[in-house]
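sequence? don't have it. structure:
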């Protein structure tokens, strides 16, 4: 899986899902939290608990972080959706 991770960013296999943050006090939308997932071509969607440790060991975590911070929250690409899933 580590070899697959090396080219995943260039192959555009990472995707951000946006989880709404809602105030419990008044129900107002306060913002969104970006949750990263890896859409592996053979293994399917992989959560950060599996690939972030590999990214840290290989030095890929910084480029992945830079990519995710440059993605505008309001402009999602095809295949990206809002998600109320677990936190990254």
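On my side now, so go ahead. Here the structure is a predicted model, which is why all the values come from computation and not from measurement. Residues are numbered from 1 along each chain as shown.

who's residue 46 bridged to?
Beta bridges link residue 46 to residue 38 when assigned by DSSP bridges.

all helices in the chain, in order from the N-terminus.
2-8, 48-58, 61-70 (DSSP state H).

For residue 29, which of the ones you listed is the nearest?
Residue 29 lies closest, by Cβ to Cβ, to one member of those: helix 61-70, at 21.1 Å. For every residue, glycine as well, the C-beta is placed using N, CA and C.

buried ones in stretch 59-66?
Buried residues in stretch 59-66, counted by 16 or more other Cβ atoms under 10 Å: 60, 64.

now it: mean pLDDT?
Stretch 59-66 carries an average pLDDT of 93.

now that stretch, how far from the chain's geometric center?
Its chain's C-alpha centre and that of stretch 59-66 lie 12 Å apart, by Cα atoms, centre = their mean, to the nearest Å.

Give me the contact list for it.
Contact with stretch 59-66 is made by 5, 6, 9, 14, 36, 52, 54, 55, as judged by Cβ atoms under 8 Å, 6 or more residues apart in numbering.
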